[in-house]
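[1] structure of the sequence below:
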Amino acid sequence: MNNSELNNLPPIKLIALENETVLTAQLKVSTRPPTDIRWVKVLEFLRSNNLAPNSRKLYERELKRFLGWTQLHYHELRPRHLALYKEYLRDEIRTDAGKPLSKSSINAGVAALKSFFKWMCYTYPDIIATNPTLGIKLEKVPLPPAQSLTPEEMERVWSALELLGETKQRDTALVHILSHGLRAGEIVELNVGSFDGKLLFLPDTKTNEPRLVPLKKESREVVAQYLRSREERSEVLNCDSPLMISHHASYKGERLSYHGIYFAVEKIGELAGIVDLHPHSFRHTYATDLILLGLDPTHARKLTGHHSDRAFRRYTLRGEQQAAIAAYYRAIGEEEAE
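    Residues are numbered from 1 along each chain as shown. The predicted model follows:
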């Protein structure tokens, strides 16, 4: 191109980009590394399991920590890698207070991995043919005692319910259901159709096995009255209507959430003067009472939905202890005094 042709070209104009800042931000986003494909599987695992919010949070934290520890892909992992990771949890990880992790915390991390890799082997056998966590043992931890409420504490709970206002009828029904060993997450999923007037049917549970829970007469009458009161307030109930509903201003009439149950029980605990009352307190109490009543442990486990004998052992231990104490007093002739 000669000089005359260059002179005939139109002048170059510079046009300012109105959203230059936005474009720059978009360019930065586009240059970020892609999401770790391993994490995609973790998210799928979390979505596919019926996990309570606290369990989901724990699994997510532990699996994120593991993926931060190794860059190996799932098919590259071997039992020796998991053994090294367990040593890492024991020897290098510290709490916010600077202390080593407790055996229970180490077990929580290992249990999360065991659950995830079991799911991976079942869901993606083409990626992982053999579970790398099978040979990894949990730390031996003394079985914690059952955190049961005493009869006197239960009396205080019933008295505290009388002090409630708008939520009194719902929370009374809630405590009656909790007192039959249901987990908070299981109650969230209950519909009106789950209650047939005598039994509660739980199709989805923590152990992935359906469960029938018989309610005692007083409890089923309380639940039935709670449902009648909702109909009397012109609420249209059907089989799919939530059994427990929220009274929160933002969610009024909607399904009572997991956190809503915890908040309701916490408030009852404050009124009853019971420190750290939580929904599981009633589950512990129910399981312990079943054993003290002399119910066969196998039947008791079926009612509570405990997955393993070891998890239920804390309740049978107390029952055996109480039976031994009673036998001792009978042997020394102090049965009446006792």
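
[2] going forward, measure contacts and count neighbours with C-alpha atoms only.
    Fine.

[3] where along the stretch 51-200 of the chain do the strands fall?
    199-202 (DSSP state E, counting those that start in this stretch).

[4] residue ranges with poor pLDDT in it?
    By pLDDT under 70, the weakly predicted segments of the stretch 51-200 of the chain are 143-146.

[5] recalculate using a threshold of 50.
    For the stretch 51-200 of the chain, not a single residue meets the criterion pLDDT under 50.

[6] domain assignment for the protein?
    Domain ranges of the chain: 37-123, 151-329, per automatic domain parsing.

[7] nearest to V141, of these?
    Closest to V141 of the domains of the chain is domain 37-123 (C-alpha to C-alpha; 6.5 Å).

[8] isn't F195 up against F201?
    Yes - contact criterion C-alpha atoms under 8 Å: F195 and F201 qualify, at 6.6 Å.

[9] if you count what's nearby, which of the two comes out ahead?
    More crowded of F195 and F201, by other C-alpha atoms under 10 Å: F195, with 21 against 17.

[10] look up which residues are beta-bridged to that one.
    L200 (DSSP bridges).

[11] when you give positions from now on, start the count at 746
    New numbering, starting at 746: the last item is F940.

[12] still on that earlier bit, would you turn the domains of the chain into JSON lines with distance to I881?
    JSON lines is the format used below for these (distance: least, C-alpha to C-alpha, whole Å):
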{"stretch": "domain 782-868", "distance to I881": "6"}
{"stretch": "domain 896-1074", "distance to I881": "18"}
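
[13] of all those, which one is nearest K882?
    domain 782-868 (8.4 Å).

[14] hey, what's R839 bridged with?
    Bridge pairing for R839 - DSSP bridges - gives P845.

[15] for it, grab the count of nearby residues.
    13.

[16] return the distance of the residue lying closest to I922 once chain neighbours are set aside relative to L1035.
    Computed as C-alpha to C-alpha, 6 or more residues apart in numbering, the closest residue to I922 that is not its neighbour in sequence is S964, at 7.3 Å. Distance, S964 to L1035, using C-alpha to C-alpha, to the nearest Å: 16 Å.
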